[in-house]
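A.B. asks: take this sequence and fold it.
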Amino acid sequence: MAESLFTEQELARLRRLRLAGERVRSSTLRGERRSRQMGSGLEFGAYRPYSHGDDLRRVDWNVYGRLDQLFLKLFEAPGQMRLVLALDSSPTMEFGEPNKWRASKRVMAALGLVALATADRVLLSRFEDERVQSFEASANEQGFIDAVGALSIGHAVPPSAAVRSTLATRGRDTVVLIATDMQSREGVLTLVNECRKHGARSAVISMFAKEEHEPTLDGLTRLQPVLGNQQKLRVDAGVLAAYKQELEDYRRAAQSAVRSAGAAYLEVRSDVQIEPVVMELLKSGLLEGHHA
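C.D. replies: Numbering: from 1, shown residues only. So this is what the prediction gives:
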């Protein structure tokens with residue numbers, strides 16, 4: 001069962017932000033996007049699982065025959081804005097209080113929920129997934145939140161071909177948000193560079209826990225090595241100072257690498273309030289689609 005990501009109060013505030021986004025959607029910018037679509041044919045975009053109330057005429061019965069599951073065929077037209085939510089599900093994300101993985105899902109679910117008012121399609125995937133979930137602008141709110149909540153921690157892997165292939169077409173109409181703790185920069189930079197290659201805009205949301213940036217360990221700490229017996233490590237002011245300096249150097253290098261690859265970079269602590277993060281990205285214009 002998918003975990004509950006938001007309180008009712010948080011959902012109410014996100015709905016207000018979504019309403020503001022819907023006004024943007026009906027603005028001149030939206031009209032300009034529609035005008036670029038006129039005369040363009042629809043092309044197959046992706047599948048998503050059937051939900052109660054969906055139009056049965058859009059079911060792919062060939063897939064049903066092979067998998068015994070109902071999937072809808074989704075189509076896109078050139079000029080339609082797409083938001084890709086890509087989550088790094090490495091085991092290192094399962095750390096902190098609050099947990100970095102849960103915080104990442106909360107941030108991404110909030111951004112996707114609001115973006116469903118300004119984007120034509122929201123795509124959701126972990127780095128390791130071989131299938132990208134797709135949600136249209138009219139998608140059921142709770143269905144989308146549940147899909148994000150159901151995502152689980154996986155393995156430390158680079159972004160899959162499925163995630164990267166979403167950029168091969170409609171790159172200029174695509175915005176990619178990447179949630180990661182930047183413990184492994186290579187996979188993140190691979191995806192960011194793929195975005196730049198295909199003309200998609202991207203932003204890295206670097207998640208961290210307070211314990212990582214502000215450790216308070218002192219005295220003797222027991223460690224259990226992978227091989228061998230328990231060992232004792234004395235953690236004192238000198239060790240903490242060295243750790244903090246190394247961490248700061250790593251953070252600066254990660255931020256520089258991401259920005260040099262053409263992506264925005266935002267650090268978010270795992271106990272963050274959701275609305276300020278959403279507002280910051282809304283004000284940046286990143287969720288409004290491609291600017292010619």
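
A.B. asks: and the helix or strand harbouring Leu11, average pLDDT?
C.D. replies: Using DSSP states H and E, Leu11 sits in helix 8-25. Helix 8-25 shows a mean pLDDT of 76.

A.B. asks: how about the helices in the protein?
C.D. replies: Taking DSSP state H, the helices of the chain run over residues 8-25, 28-37, 61-67, 100-115, 141-149, 161-165, 185-198, 210-213, 237-260, 274-284.

A.B. asks: okay, the ones you listed, which one's buried deepest?
C.D. replies: helix 100-115 (a mean of 25; mean count of other CB atoms under 10 Å). Just so you know, the C-beta spots here come from the backbone N, C-alpha and C atoms, and that holds for glycine as well.

A.B. asks: and that helix, how far out from the chain middle?
C.D. replies: Chain-centre distance of helix 100-115: 7 Å, with CA atoms, centre = their mean, to the nearest Å.

A.B. asks: relative to helix 274-284, how tilted is that helix?
C.D. replies: 50 degrees (axes from the mean of the first three to the mean of the last three CA atoms, to 10 degrees).

A.B. asks: looking at the helices of the chain, which is nearest to Leu266?
C.D. replies: Taking CB to CB, helix 274-284 is the member of these nearest to Leu266, at 7.1 Å.

A.B. asks: got the CA positions of the closest one in CSV?
C.D. replies: Extracted as CSV, the C-alpha positions of helix 274-284 are listed here (Å, rounded to 0.1, in the frame of the first residue of the first chain):
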residue,chain,number,x,y,z
ILE,A,274,7.2,21.7,0.8
GLU,A,275,5.6,25.0,-0.4
PRO,A,276,8.8,27.1,-0.5
VAL,A,277,10.5,24.6,-2.8
VAL,A,278,7.5,24.6,-5.1
MET,A,279,7.3,28.4,-5.1
GLU,A,280,11.0,28.8,-5.9
LEU,A,281,10.7,26.6,-8.9
LEU,A,282,7.5,28.2,-10.1
LYS,A,283,9.0,31.6,-9.8
SER,A,284,12.1,30.4,-11.8
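
A.B. asks: between the helices of the chain, which one is closest to Ala86.
C.D. replies: helix 161-165 (5.5 Å).

A.B. asks: for that closest one, packing partners?
C.D. replies: In terms of contacts (3 or more CB pairs under 8 Å, 6 or more residues apart in numbering; DSSP states H and E), helix 161-165 is packed against helix 185-198.

A.B. asks: so in this protein, where's the weakest helix or strand by average pLDDT?
C.D. replies: helix 28-37 (a mean of 40; mean pLDDT, DSSP states H and E).

A.B. asks: in TSV, list the helices of the chain along with distance to Asp55.
C.D. replies: Listed next are the helices of the chain as TSV, based on distance: least, CB to CB, whole Å:
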stretch	distance to Asp55
helix 8-25	22
helix 28-37	21
helix 61-67	13
helix 100-115	22
helix 141-149	15
helix 161-165	25
helix 185-198	31
helix 210-213	47
helix 237-260	41
helix 274-284	31
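
A.B. asks: rank the ones you listed by pLDDT, which is bottom?
C.D. replies: Note on the helices of the chain: lowest mean pLDDT is at helix 28-37, with a mean of 40.

A.B. asks: out of the helices of the chain, which is closest to Gly171?
C.D. replies: Ranking the helices of the chain by proximity to Gly171 (CB to CB) places helix 185-198 first, at 3.1 Å.

A.B. asks: how is the protein carved up into domains?
C.D. replies: Here the domain parsing of the chain from automatic domain parsing is 8-29+77-208+267-288, 43-76.

A.B. asks: export those domains to a markdown table and tack on distance to Glu214?
C.D. replies: Below are these laid out as a markdown table (distance: least, CB to CB, whole Å):
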| stretch | distance to Glu214 |
| --- | --- |
| domain 8-29+77-208+267-288 | 10 |
| domain 43-76 | 41 |
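
A.B. asks: for Ala237, find the nearest of those domains.
C.D. replies: Nearest to Ala237 among those is domain 8-29+77-208+267-288; the distance by CB to CB comes to 22.0 Å.

A.B. asks: and the residue nearest the centre of the chain, how far from Leu67?
C.D. replies: Closest residue to the average C-alpha location of the chain: Leu85 at 3.2 Å, with CA atoms, centre = their mean. For Leu85, the distance to Leu67 equals 24 Å [CB to CB, to the nearest Å].

A.B. asks: same check, this time on Leu124
C.D. replies: The value you get for Leu124 to Leu67, if CB to CB is used, is 20 Å.

A.B. asks: ok, now Leu116?
C.D. replies: Relative to Leu67, and taking CB to CB, Leu116 is found at 27 Å.
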